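# Please find the sequence and the predicted model below.
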Amino acid sequence: MNFLAVIGRVVIATLAEIGKLSRFTWAAVSHVLRPPFFLRMTLQQMMQIGYFSLPVVALTAFFTGGVLALQIHYGSNEFNSEALVATVVALGITRELGPVMGALMVAGRVSAAIAAELGTMRVTEQIDALTTLSTNPYKYLVVPRIAAAVITLPILVFIADIVGIMGGYMVSTASLDFNAGVYLKNTINYIHDNGISSGLIKAAVFGFIIALMGCFHGFNSKGGAQGVGRATTNAVVSASILILAANYVMTSLLFAK
Amino acid sequence: MANKPDPDAKIELRGVHKRFGPKVVLDGIDLTVPRGESLVVIGGSGTGKSVMIKSVLGIVKPEKGEIFVDGRNVLEMDQSAREDTLRKFGMLFQGAALFDSLPVWENVAFGLIQGRRMKRKEAKEIAIDKLSKVGLGADVGELYPAELSGGMQKRVGLARAIAADPEIIFFDEPTTGLDPIMADVINELIVDSVKELGATTLSITHDMASARKIADKVAMIHKGKIIWAGSVEEVDNSGNDYVDQFIHGRAEGPIQMEVLKP
Ligand SMILES: Nc1ncnc2c1ncn2[C@@H]1O[C@H](COP(=O)(O)OP(=O)(O)OP(=O)(O)O)[C@@H](O)[C@H]1O
Ligand SMILES: [Mg+2]
């Protein structure tokens, strides 16, 4: 009996949370297209979310590209790996690792920062104060963050693609003694044939998830410093899980033959 | 069917109920704020005063009751009508609620710049003028809220509340945390806002000196109900034991503070 009650409570709590999230998402999205727009805030957020995430995303991509090159080389028994490494690094980085690793790193940085900032604003009544100053908090706080993340994540991932491929290139030429010209030619051939747009589309979706989770948990935080702390953790965890789940769904849709 | 809203009332609350979980906070509030007058609500800590004014602003959603502003029920309005109504209001929060990412002057000018799309330069001049009204210089305008004392934050909150010359101003404990002289300056300011702007004000206070100075009418809230309302002259002989106990600040009386004595 008791066991069933626990299951029931968990199911109800989960459904309530999903309902709340859907309403929040709808409110946020419905304000994206309706003026007034807060351009100044959006540019500021693009700096915060995009520009300041560059170092961590670039470093992640560089090492991922490098390690990918090594593993493919060892994994193919070091036999004839020269033809394989460039192509697989380019494929792995542009399709999966660039967007996913990049987004996970940004989620850790940005979802947390957004949740902490909006959470503090919530518990100190700053969000209520916005309403009394004829400013819709969704338009002023949520929309600029979502717009900034959706715009900057593809740019970040584009840079991550370049740096990741460079990582693979440098490991291959410096420590595996591959021919630089052949490596570059294989990479260019792969990108010419396949493009990198699937990764960039994914990046935009991940950007949406990152900002949405930060805003949602920040907006709904309550109960002082502890509540803000909880909101921050929840934002990062839920953003990361949703990114991985959405990546699976998108891969199966984008690459289904 | 309920009666028509009172035409002389700027704000009218009828049977407003609000609970948080099992805890009943507002238990049928009936309150009228006449147009162009200053009403002060007194009452013990935790009796629901802040929740009551937040209900009028739509920050808190009551389960039951009606709230009329200029004869229109705000609880039945759609989003855009509600936003239009909110333009009439200025609000000083109990905890000031300043935006800590913005300098002081931009806090004061916020409603003008974002809400009314005024040019920043023009808005800054108004902000500095309003700051001087609450005894703060232009140099304070360049600081951030975290660099101010509690009393200064309160005054900035006050300047922000009156910046857009609203028709209705809510003051949640305007003089708490101020020294007696500054408290009196703020009282004067509230009186002037009502006189000069013709604003309607609803203030919450524990400070009876302040209440006597700014109030036309006084109402007392206790356990989620308005238990007494009258003009400020009547407060001293209200014939209500609760009001007597409160204005004289006595521990003995019908209001029992929930404290555990050792
Ligand atoms: N968001 C909320 N969630 C849960 N309970 C709340 C919330 N806001 C207020 N309360 C409860 O409602 C009651 C009334 O709160 P309110 O802030 O209106 O008191 P108050 O009369 O303004 O007191 P004070 O004079 O100390 O400011 C309190 O018991 C408080 O615990
Ligand atoms: Mg209060």
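It's in. On a predicted model such as this, the values are computed, not experimentally measured, just so you know. Ligands and ions are numbered 1, 2, ... in the order given.

# Which positions in the stretch 151-262 of chain B make contact with chain A?
B:160, B:164 (Cβ under 8 Å from any Cβ of the partner chain). (Glycine included, C-beta is placed from N, CA and C.)

# any weak-confidence spans in the stretch 151-262 of chain B?
B:257-262 (pLDDT under 70).

# Relative to ligand 2, which residue of it is the closest?
Residue of the stretch 151-262 of chain B nearest ligand 2, by Cβ to the ion: residue B:172 (5.8 Å).

# Relative to ligand 1, how far out is that residue?
In this view, residue B:172 and ligand 1 are 7 Å apart by Cβ to the nearest ligand atom, to the nearest Å.

# Can you tell me the closest non-neighbouring residue to that residue?
In space, not counting the residues next to it along the chain, residue B:172 is nearest to residue B:94; the distance is 4.2 Å by Cβ to Cβ, 6 or more residues apart in numbering or on different chains.

# buried sites along stretch B:23-42?
B:25-26, B:29, B:31-42 (16 or more other Cβ atoms under 10 Å in any protein chain shown).

# out of these, which are inside strands?
Judged by DSSP state E, the buried residues of stretch B:23-42 include B:25, B:26, B:29, B:31, B:32, B:33, B:34, B:38, B:39, B:40, B:41, B:42 as members of strands.

# related to what we said a few turns ago, what two of the buried residues of stretch B:23-42 are the furthest from one another?
Within these, two members stand farthest from each other by Cβ to Cβ: B:25 and B:36, at 29.3 Å.

# Can you give the contact residues for the helix or strand that residue B:56 is a member of?
Per DSSP states H and E: residue B:56 is located in helix B:49-57. Applying Cβ atoms under 8 Å, 6 or more residues apart in numbering or on different chains, the external contacts of helix B:49-57 come out as A:128, A:131-132, B:11, B:13, B:16, B:18, B:25-26, B:29, B:31, B:41, B:43, B:60-62, B:67, B:69, B:74, B:86, B:89, B:91, B:94, B:170, B:172, B:202, B:204, B:221.

# List only buried entries from these.
Buried among these by 16+ other Cβ under 10 Å: A:128, A:131-132, B:11, B:13, B:16, B:18, B:25-26, B:29, B:31, B:41, B:43, B:60, B:62, B:67, B:69, B:74, B:86, B:89, B:91, B:94, B:170, B:172, B:202, B:204, B:221.

# Can you classify the residue of chain A found nearest chain B as helix, strand or coil?
Taking Cβ to the nearest Cβ, chain B has its nearest neighbour within chain A at residue A:134, 3.1 Å off. Three-state assignment for residue A:134 (DSSP: H, G, I helix; E, B strand; the rest coil): coil.

# Cross-check the contact I'm expecting between it and residue B:115.
Yes: contact criterion Cβ atoms under 8 Å: residue A:134 and residue B:115 qualify, at 3.1 Å.

# Next, show the common contact partners of these two.
Joint contacts of residue A:134 and residue B:115 (Cβ under 8 Å, 6+ apart) are residue B:87.

# which residues touch the nearest residue to residue B:91 once chain neighbours are set aside?
Among residues not flanking residue B:91 along the chain, residue A:132 sits closest, at 4.2 Å (Cβ to Cβ, 6+ apart). Residues counted as contacts of residue A:132 (Cβ under 8 Å, 6+ apart) are B:57, B:59, B:86, B:89, B:90, B:91.

# one more time with 10 Å, if that's ok
Residues in contact with residue A:132 (Cβ atoms under 10 Å, 6 or more residues apart in numbering or on different chains) are A:125, B:54, B:57-59, B:86-87, B:89-93, B:97, B:111, B:115, B:160-161, B:166, B:170.
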